[in-house]
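> A structural model of the following input is requested.
(chains A, B, C and D)
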Number of protein chains: 2
Amino acid sequence: MEEVPKHKENSTEELILKAAKLVFSRKGMAGARMQEIADEAGINKALLHYYFRSKENLFNAVFYDLLGNIQKKFLGILNSEMDLFSKIRNFFTGYTDFLQENSFLPGFIINELNQDPEKMINHFRDAGIKPPPKLILQIKEEVQKGNIIQIDPMQLLMNMLSLAIFPVLAAPLLKGILEAKEGDFDQLMEKRKRELPEWFINSIMKK
Amino acid sequence: MEEVPKHKENSTEELILKAAKLVFSRKGMAGARMQEIADEAGINKALLHYYFRSKENLFNAVFYDLLGNIQKKFLGILNSEMDLFSKIRNFFTGYTDFLQENSFLPGFIINELNQDPEKMINHFRDAGIKPPPKLILQIKEEVQKGNIIQIDPMQLLMNMLSLAIFPVLAAPLLKGILEAKEGDFDQLMEKRKRELPEWFINSIMKK
DNA sequence: TTTTAGTTTAACCAACTGGTCAAAAGTAAA
DNA sequence: TTTACTTTTGACCAGTTGGTTAAACTAAAA
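Numbering: from 1, shown residues only, chains lettered A, B, ... in the order given. So this is what the prediction gives:
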């Protein structure tokens, strides 16, 4: 019997996970070094193996933590009871915020996806991440009602994901390439967050 | 004085580059093993170092080769003399084809981008890759003429890139997640190639 | 045939990597 | 203080990695 539900504020385990998240996302599974993670956490390397038996274990712990975040934030909105347009607005703003706070996440996933696609797919399956049925249904309904243009729900979903995720994914590069010509990239992204949802909703409305 | 302009059809050097391209794109710089590249090329590991002095050299050779392809294909279309709408259509179909043939490329770039953003940005700068001025100008003109909606050229460009690149980038994952529900993913992508340009053009036309 | 230059190989090496272990240091109840 | 335990550490190890080297092979030139 334990007294408190385990308050893991700044426990060593949390320190390690935080450091690992940082290093894994910068260097990927293959490029990350256990020593670097230990340094980042300010502890001994052997302690990593005391808490998480192997590098792969540590990696999985980090990864599942991140998948949980996606699950909560991403599918939370898309499966909610909101009407379609509010949902789309909420998705773009909420998801953009979430991605900017975890800007390493998409690159991290793409990185590992290249190394072992099957493994990554299974991880997503295990986490129960799938096309949100509620959203798919809503799109079909709105198409049938004639409120939005004739469009395959899956294509619409892919468009939403593309428009929201890619800019964050390629941000460092876009920043380097565009910033010379255009002013501040962050400002560009702020403007995007405001204008993108309205443009997108407009693009699927019937004329 | 050499007789022929160096016909490097199946020379050892070409064999190595081809093998390296394959392995680097699967595993990334850090994950790739010189031995694996040698095996893939069917040669001895020492021979790699005979042709390309180091792993980094080999990596750069592969990378510049790929950047050249992007430069030719991507900026070739966007900087051409075509009118805006033809250009957009050409971009989506041509770029999608190109990406599907080189489906490892985006992931490869994102991967290395995470490891060392500055390095990647400089590579792109050196290769002269930048927002295509011709396209930017055309968009501004069409906005002014009132032919398309009020939109920042840079946002429009980002939308185009997002919609074209992301699905290829995430293809293995989308395939695994969507395929269970929807039929063939490749069929979905074929449909996308046909419908995306028209939907996109429609989305920027004035109502 | 001999020479010469470029190509290919097996064997080797120093540095690094994930992982282990026994012992030390901390902790809290008895 | 003693005991029993968890946490933390430095030293170490076996396997792997990028890279080297000297010798063998190849074929055209002399």
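
> tell me the residue of chain A that sits nearest DNA strand D?
Nearest to DNA strand D, among the residues of chain A, is residue A:46, at 3.0 Å (Cβ to the nearest atom of the strand). The way it works is simple: take the backbone N, C-alpha and C, and place the C-beta from them, glycine included.

> look up how far residue A:12 lies from that residue.
12 Å (Cβ to Cβ, to the nearest Å).

> of those two, which one has the most company?
Remark: of residue A:46 and residue A:12, residue A:12 carries more neighbours, 15 against 9, as counted by other Cβ atoms under 10 Å in any protein chain shown.

> can you give the distance from the worst-scoring helix or strand of chain A on mean pLDDT to the centre of its chain?
Across the helices and strands of chain A, the lowest-confidence element by mean pLDDT, DSSP states H and E is helix A:104-115, at a mean of 84. Relative to the centre of its chain, helix A:104-115 is centred 10 Å away, using Cα atoms, centre = their mean, to the nearest Å.

> and stretch A:33-50, by the same measure?
Distance, stretch centre to chain centre, for stretch A:33-50: 26 Å (Cα atoms, centre = their mean).

> kindly export it (C-alpha atoms) in PDB.
Taking Å, rounded to 0.1, in the frame of the first residue of the first chain, the C-alpha atoms of stretch A:33-50 are listed here in PDB:
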ATOM      1  CA  ARG A  33      24.700   8.300 -27.000                       C
ATOM      2  CA  MET A  34      23.900   7.000 -23.600                       C
ATOM      3  CA  GLN A  35      26.700   9.100 -22.200                       C
ATOM      4  CA  GLU A  36      25.200  12.200 -23.700                       C
ATOM      5  CA  ILE A  37      21.900  11.500 -22.200                       C
ATOM      6  CA  ALA A  38      23.600  10.900 -18.800                       C
ATOM      7  CA  ASP A  39      25.400  14.200 -19.100                       C
ATOM      8  CA  GLU A  40      22.300  16.000 -20.100                       C
ATOM      9  CA  ALA A  41      20.600  14.500 -17.000                       C
ATOM     10  CA  GLY A  42      23.600  15.300 -14.800                       C
ATOM     11  CA  ILE A  43      24.000  11.700 -13.700                       C
ATOM     12  CA  ASN A  44      26.200   8.700 -14.100                       C
ATOM     13  CA  LYS A  45      25.900   6.500 -17.200                       C
ATOM     14  CA  ALA A  46      25.400   3.400 -15.100                       C
ATOM     15  CA  LEU A  47      22.400   4.900 -13.600                       C
ATOM     16  CA  LEU A  48      20.600   5.000 -16.900                       C
ATOM     17  CA  HIS A  49      20.900   1.200 -17.000                       C
ATOM     18  CA  TYR A  50      19.700   1.000 -13.400                       C
END
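
> and residue A:103, what does it touch?
A:168, A:171 (Cβ atoms under 8 Å, 6 or more residues apart in numbering or on different chains).

> does residue A:73 touch residue A:93 like I think?
No: Residue A:73 is beyond contact range of residue A:93, at 11.8 Å (criterion: Cβ atoms under 8 Å).

> quickly find the element holding the residue of chain A closest to DNA strand D.
helix A:45-51 (DSSP states H and E).

> now do the contacts for residue A:179.
Applying Cβ under 8 Å, 6+ apart, the residues near residue A:179 are residue A:185.

> brain fart, residue A:102
A:66, A:69.

> for chain A, just list every one of the helices.
For chain A, the helices defined by DSSP state H cover A:12-31, A:34-41, A:45-51, A:55-70, A:76-78, A:84-101, A:104-115, A:117-126, A:133-145, A:153-169, A:171-178, A:185-204.

> now these in CSV, with distance to chain B?
Putting these into CSV (distance: least, Cβ to the nearest Cβ, whole Å) gives the following:
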stretch, distance to chain B
helix A:12-31, 3
helix A:34-41, 12
helix A:45-51, 19
helix A:55-70, 12
helix A:76-78, 13
helix A:84-101, 12
helix A:104-115, 4
helix A:117-126, 3
helix A:133-145, 8
helix A:153-169, 4
helix A:171-178, 3
helix A:185-204, 3
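
> comparing those by mean pLDDT, which bottoms out?
Here the lowest mean pLDDT among the helices of chain A goes to helix A:104-115, at a mean of 84.

> what is that one packed up against?
Secondary-structure packing of helix A:104-115 (3 or more Cβ pairs under 8 Å, 6 or more residues apart in numbering or on different chains; DSSP states H and E): helix A:12-31, helix A:55-70, helix A:117-126, helix A:153-169, helix B:12-31, helix B:105-115, helix B:171-178.

> what does the shortest one contact?
Defining contact as Cβ under 8 Å, 6+ apart, one finds that helix B:171-178 is touched by A:109, A:113, A:117-118, A:120-121, A:124-125, A:129-131, A:154, A:158, B:103, B:167, B:185, B:188-189.

> just the buried members of the residues you listed?
Among the contacts of helix B:171-178, those scoring as buried are A:109, A:113, A:120-121, A:124, A:129, A:131, A:154, A:158, B:103, B:167, B:185, B:188-189 (criterion: 16 or more other Cβ atoms under 10 Å in any protein chain shown).

> tell me which residues of the helix holding residue A:46 come out buried.
A:48, A:51.

> that helix and DNA strand C in contact?
Yes: if you take Cβ under 7 Å from any atom of the strand as the test, helix A:45-51 does meet DNA strand C, through A:45, A:46, A:49.

> which neighbouring elements make contact with that helix?
Counting contacts by 3+ Cβ pairs under 8 Å, 6+ apart, helix A:45-51 packs against helix A:12-31, helix A:34-41.

> burial count for the closest residue in space to residue A:81 that isn't next to it in sequence?
Spatial nearest neighbour of residue A:81, excluding adjacent residues (Cβ to Cβ, 6 or more residues apart in numbering or on different chains): residue A:134 at 7.8 Å. By other Cβ under 10 Å, 15 other residues sit near residue A:134.

> all set now, cheers.
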